[in-house]
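> generate coordinates for the sequence data below:
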Amino acid sequence: MSALFVPTRAAGLERLARFVPQAGAHYERGRNTDPGPREATAVSQLSPWLRYRMVSEAEVAAAVLERHSLAAAEKYVQEVLWRTYWKGWLEMRPGVWSRFLAERDRQRDAWTYPKGLAEAEEGRTGIEGFDDWARELVETGYLHNHARMWFASIWIFTLKLPWALGADFFLRHLIDADAASNTLSWRWVAGLQTAGKTYLATTENIARYTNGRFAPKGLAVHAEPLTEPPLPTAAALPEIAPIPPGEPVLLLVTSEDMNPDGALWRDAEIRSVLVASAPDLLWGDKARGFVGAAAQDAVVRSGDLKSVPVSLADRLDAATLVDAAHAAGVRQIVTPYAPVGPVADALARIAPSLQDEGLSLTSIQRPWDAAFWPHARKGFFPFKQHMARLLEDMGLTRT
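Residues are numbered from 1 along each chain as shown. Here you go, the predicted model:
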């Protein structure tokens, strides 16, 4: 695992503490600049810990807003909220995730130029910058956000490669690979997410924001938006059932939320904790390595939750949960809510088998998601109009 991303909560909190003083004007001035791997950067590079919620969005916002006013750190707080927005938007439109998976599989089967695809993934296109980012991604499991946008734009509009295969390439190599952020960001570049609005990478922009490291020639000068059938209207967010008070439960920790927060379980009588790393539900070796080590860290930390037995499993299936529940002597399993993606799909498949065994599975939603997700019905601009009020309601802002 890269020394840049140590897969422990302590390392994430240390990274956050180092970044907080820079979260205001320094971040705003330098956030678009990609200085290159192993170079000092203005961005926080907290995404792996946020992705698996080893450090939560609320914790990051609280730390930043304790040091800075919202006005001073608005750009960074907005960046954190983009992750929340994407998840809430997809939660109300789960069919977009299913559509991506189907499109990816269709493009894999239908694509007739495998040489061009291999050249792009291996960084052999001859396009300055693009090839470097392809190799950096594979080697480190990370790319600066601006580089991700440039890469996606060149992939789609210059190389004319299928967008879903580019999104899949990212999923297979990013440590912070995430169903919502990755899929919807690629859709946005392609002109699908905001219909007709594309992102075009230019030589001038890349040269400016890489400090002159790259000035690629021959890039597309026009980005014709891709098209698709109309999307369904936003559905209602799922209702979250409360934990039955006083009933003994098994706490299930998955890769979607690897820091069990006592505030979420204050009404639960936790008898045992099961940490399921489930590498088969992750896309790439970098993510699997990070989550595998993070699961070990979660086992150590979960043991302090209520001084209960903690076990580690590398599978998330009905048999594993049934055995763990029986060993704990409980009929109720509770878990942090898993947003749209492979873990949510796995839990949906498992639930009927649990019912057959007389077990119930309850998902608990974090207050952060409950507050922000309902406002992700349209674009990010109307979403962020609620930012100041909701942060104030949570007691996170200061004057």
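
> where in the protein is pLDDT low?
1-2, 263-265, 303-306, 398-399 (pLDDT under 70).

> how is it carved up into domains?
Listed domain ranges for the chain are 9-90+372-393, 95-209, 248-364 (source: automatic domain parsing).

> next, format those domains as CSV and append distance to His222 and mean neighbour count.
All C-beta atoms are positioned from the backbone trio N, CA, C, and that covers glycine. Formatted as CSV, those follow (distance: least, C-beta to C-beta, whole Å; neighbours: other C-beta atoms under 10 Å):
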stretch, distance to His222, mean neighbour count
domain 9-90+372-393, 23, 18
domain 95-209, 7, 19
domain 248-364, 32, 19
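
> got JSON lines for those domains, with distance to Leu237 too?
Shown next, in JSON lines, are the domains of the chain (distance: least, C-beta to C-beta, whole Å):
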{"stretch": "domain 9-90+372-393", "distance to Leu237": "6"}
{"stretch": "domain 95-209", "distance to Leu237": "14"}
{"stretch": "domain 248-364", "distance to Leu237": "10"}
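
> what's downstream of the lengthiest strand in the chain, the next helix or strand?
Looking across the chain with DSSP state E, the single longest strand is strand 269-276. The element immediately downstream of strand 269-276 (helix or strand, assigned by DSSP states H and E) is helix 285-306.

> and that following helix, what does it pack onto?
helix 9-19, strand 248-253, strand 269-276, strand 310-313 (3 or more C-beta pairs under 8 Å, 6 or more residues apart in numbering; DSSP states H and E).

> give me the angle between that helix and strand 248-253.
Calculated by axes from the mean of the first three to the mean of the last three C-alpha atoms, to 10 degrees, helix 285-306 forms an angle of 150 degrees with strand 248-253.

> got the angle for helix 285-306 vs helix 9-19?
Going by the same axes, to 10 degrees, helix 285-306 makes 100 degrees with helix 9-19.

> convert the C-alpha atoms of helix 285-306 to CSV, please.
Only the C-alpha atoms of helix 285-306 are listed here, as CSV (Å, rounded to 0.1, in the frame of the first residue of the first chain):
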residue,chain,number,x,y,z
ASP,A,285,-6.3,-4.4,-6.2
LYS,A,286,-5.4,-1.0,-4.8
ALA,A,287,-8.8,-0.6,-3.2
ARG,A,288,-8.8,-4.2,-2.0
GLY,A,289,-5.4,-3.7,-0.3
PHE,A,290,-6.5,-0.5,1.3
VAL,A,291,-9.8,-1.9,2.6
GLY,A,292,-8.3,-5.2,3.7
ALA,A,293,-5.9,-3.3,6.0
ALA,A,294,-8.6,-0.8,7.0
ALA,A,295,-10.8,-3.7,8.1
GLN,A,296,-8.0,-4.9,10.4
ASP,A,297,-7.9,-1.4,11.8
ALA,A,298,-11.7,-1.4,12.2
VAL,A,299,-11.6,-4.7,14.2
VAL,A,300,-9.2,-3.1,16.7
ARG,A,301,-11.3,0.1,17.0
SER,A,302,-14.7,-1.7,17.1
GLY,A,303,-13.6,-3.7,20.1
ASP,A,304,-13.6,-0.5,22.1
LEU,A,305,-17.2,0.4,21.0
LYS,A,306,-18.9,-1.4,23.8
